[in-house]
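Trainee: Task: produce atomic coordinates for the following.
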Amino acid sequence: MKFEYSPVGVCPSKIEFEIEDGKLHNVKFTGGCPGNLIAIPKLIEGEDASRIAKLLRGNLCLGRGAAQKTSCADQLAIAIEEALEKKAS
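Mentor: Take a look at the predicted model:
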């Protein structure tokens, strides 16, 4: 099943991904820092969605002199959690 999420408080404008048999596939960020946002999907392709959400939840951006309340990884975790809730209902 394909999911789309509009992240808040980060550079990317959209996160898209699929969950099949509990595994993440085809994660794509639109916008943002290409290096990290190309690497993350490669690292989590085919991994258990619940495990990845737990692993990435709470990872915050700490650069530029002040901590942010979220990050691209944290927003992906939130998106995955919401998708899993939708699938369960």
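Trainee: Just the element for the residue most central in space within the chain, please.
Mentor: Central residue of the chain (Cα atoms, centre = their mean): Leu76, 1.6 Å from the mean position. Assigned by DSSP states H and E, Leu76 belongs to helix 72-88.
Trainee: so what's the closest residue to His25 other than its chain neighbours up against?
Mentor: Nearest residue to His25, sequence neighbours excluded (Cβ to Cβ, 6 or more residues apart in numbering): Glu18, at 4.4 Å. Heads up, the C-betas are built off the backbone N, CA and C, glycines and all. By Cβ atoms under 8 Å, 6 or more residues apart in numbering, the residues touching Glu18 are Met1, Lys2, Phe3, Leu24, His25, Asn26.
Trainee: Need the three-state assignment for the fifth one.
Mentor: Assigned state for His25: strand (three-state reduction, DSSP: H, G, I helix; E, B strand; the rest coil).
Trainee: Contacts only, for it.
Mentor: Counting by Cβ under 8 Å, 6+ apart, His25 touches Phe17, Glu18, Ile19, Glu45, Gly46.
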